[in-house]
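Engineer: Everything below, folded, please.
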Amino acid sequence: MDINVIDAMLVPVIVVASICIGYVIKQWLPTDNKWIPTILFIFGAISGAILFGLNYEGIVKGTVSGLAAVGLHQAFKQHLNLDMDDDELLAMGKGYEDIDEDDESDPSELEEDDDFEILGPEAGEDDE
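Structural biologist: Next comes the predicted model:
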C-alpha cells in the first residue's frame, strides 16, 4: 500500500479542528476518555461531508482526518512521556519533586571501590 493514499485522505483543517475539540472534551466535559475517538470520528465525518459534499469520498476524508487527530495526540503524548507516573519519571531522571533537599551528600564524592572488574578482552589479547 502506498503512503500517498493516506496523505491524499488527510485534511489538515479537520485534523487541527479535531485536535482542538478533543482537547476541549478532555479538559472541560465530564466524559470518559474512551468516547473521544468516537466523537472525533463523527465530527470528522460531518466536517468532511460539509467541506466536500455529501459523498463517499468526503465522508471518508473527514473520518480519516478525525481519527488521525487521535493518533497524533497519542504519538505526541507517548513521545513526550506525558502519561508516565512519578516513579517512571524519577527512574528516567525527569522528576525531582521527591528529592530530599536536606540531603547533604555530594554525588561527586563517591567512594572508590577497589573490587571492580573490567569486562571485555584482557589487555594484550587480540580480537579474533
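
Engineer: Give the closest residue to residue 6 in space, chain neighbours not counted.
Structural biologist: residue 64 (7.4 Å; C-beta to C-beta, 6 or more residues apart in numbering). (Glycine included, C-beta is placed from N, CA and C.)

Engineer: All the helices of this protein, residue numbers only.
Structural biologist: 3-9, 12-28, 36-52, 56-79, 86-92 (DSSP state H).

Engineer: would you turn the ones you listed into TSV with mean neighbour count?
Structural biologist: Below are these laid out as TSV (neighbours: other C-beta atoms under 10 Å):
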stretch	mean neighbour count
helix 3-9	10
helix 12-28	15
helix 36-52	19
helix 56-79	17
helix 86-92	12
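
Engineer: Turn those into a markdown table, columns for mean pLDDT.
Structural biologist: Listed next are the helices of the chain as a markdown table, based on pLDDT from 0 to 100:
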| stretch | mean pLDDT |
| --- | --- |
| helix 3-9 | 74 |
| helix 12-28 | 91 |
| helix 36-52 | 93 |
| helix 56-79 | 89 |
| helix 86-92 | 60 |
